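Trainee: Build me a structure from this.
(one chain, ligands or ions: 1)
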Amino acid sequence: MTPRVEARGVTIDQRLRSADLDLGPGELVALIGRNGGGKTSLLRALAGIEADGGSVRIDGASLEKQSPARRPYLVTFAPASRDLTWPIRVRDVIALGLPRPDRDRVEAMIRLLELEQLADRPADRLSTGERARVLTARALAPSPKLLLLDEPLSNLDPYWVLRLLEILRDAVEAGATALVAVHDIDRIREFDRAILIDDGAIRADLPPSQMLESTEVAEAFRIQRDGAGWRVRPTAGPRSSR
Ligand SMILES: Nc1ncnc2c1ncn2[C@@H]1O[C@H](COP(=O)(O)OP(=O)(O)OP(=O)(O)O)[C@@H](O)[C@H]1O
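Mentor: Next up, the predicted model:
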């Protein structure tokens with residue numbers, strides 16, 4: 001089967017070593033790694049935002065050859081930063097995710113992310129978690145084939161963590177592929193597959209249950225199992241940045 005996403009030799013100087021990655025249609029994939037490990041760099045390279053080498057194909061189409069109007073139907077990226085510093089209404093921020101005006105789709109996203117009460121508020125006057133939902137709504141709006149979400153669960157309350165996981169599951173069941181950076185590693189159980197990136201390179205690509213028991217996770221995060229939870233590895237010393 002042809003993969004939905006074929007990334008070959010995707011590189012960012014000093015940050016992302018040549019990465020090869022295949023993702024299938026309908027896959028919900030967790031991307032994990034320590035702070036500075038390279039999650040955002042990989043997501044940005046796959047989104048075509050920045051890359052110093054390599055290629056990304058989505059359903060066989062080369063991302064770099066796509067027009068700005070076509071790209072959001074292939075791939076969208078929601079950043080981890082919740083910077084929405086302009087006084088733009090929430091519904092207009094969501095509309096910016098669409099290459100063509102589509103009021104019905106904007107309203108559908110407002111309902112999906114339960115933003116009705118906030119839809120006419122300026123986005124710079126929302127809480128951090130509210131802004132996270134707006135950015136996710138913007139990324140979902142064009143129904144892209146590939147959703148790249150950088151820590152979408154961060155800043156969310158327990159209801160919204162669970163609800164967003166449901167929304168992502170619905171999106172992949174409808175045919176999308178999602179690659180989602182996650183910091184709470186126990187959450188990866190709710191994904192189909194987990195990818196570990198460290199020092200700018202993909203170190204492991206495993207079913208989530210195997211990933212959680214892997215030596216790669218223990219070494220990358222300098223943690224170890226402690227009953228049902230985790231603790232700092234006693235031997236873990238300070239880790240220098242690359
Ligand atoms: N714009 C930049 N220019 C140069 N180096 C950068 C830039 N952004 C990030 N880096 C470096 O690249 C490496 C990978 O950063 P990246 O943001 O991809 O990590 P991350 O896994 O997303 O981290 P976090 O969990 O802290 O968000 C880090 O060493 C970081 O300091």
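Trainee: Look up the closest residue to residue 128, ignoring the ones flanking it.
Mentor: Excluding the flanking residues, the one nearest residue 128 by CB to CB, 6 or more residues apart in numbering is residue 155, at 4.5 Å. (Glycine included, C-beta is placed from N, CA and C.)
Trainee: Pull the contacting residues for the one you found.
Mentor: By CB atoms under 8 Å, 6 or more residues apart in numbering, the contact list for residue 155 reads 82, 128-129, 132.
Trainee: Does it belong to a helix, a strand or coil?
Mentor: Of the three states, residue 155 takes coil under DSSP: H, G, I helix; E, B strand; the rest coil.
Trainee: And the pLDDT at it?
Mentor: Residue 155 carries a pLDDT value of 90.
Trainee: same deal with the one 3 residues further on?
Mentor: According to the model's per-residue confidence, residue 158 sits at a pLDDT of 97.
Trainee: hmm, back to that, the contacts of residue 155 into JSON lines, with extra columns for neighbour count, distance to the ligand and secondary structure?
Mentor: Below are the contacts of residue 155 laid out as JSON lines (neighbours: other CB atoms under 10 Å; distance: CB to the nearest ligand atom, whole Å; DSSP: H, G, I helix; E, B strand; the rest coil):
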{"residue": "82", "neighbour count": "21", "distance to the ligand": "13", "secondary structure": "coil"}
{"residue": "128", "neighbour count": "11", "distance to the ligand": "15", "secondary structure": "helix"}
{"residue": "129", "neighbour count": "14", "distance to the ligand": "18", "secondary structure": "helix"}
{"residue": "132", "neighbour count": "25", "distance to the ligand": "14", "secondary structure": "helix"}
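Trainee: Now the two most distant members of those.
Mentor: 82 and 129 (8.4 Å; CB to CB).
Trainee: Distance-wise, check residue 6 relative to residue 64.
Mentor: Residue 6 sits 13 Å away from residue 64, going by CB to CB, to the nearest Å.
Trainee: Quick check: residues of this protein near the ligand?
Mentor: Contacts of the chain with the ligand, taken as CB under 6 Å from any ligand atom, map to 15, 33, 35-41, 80, 241.
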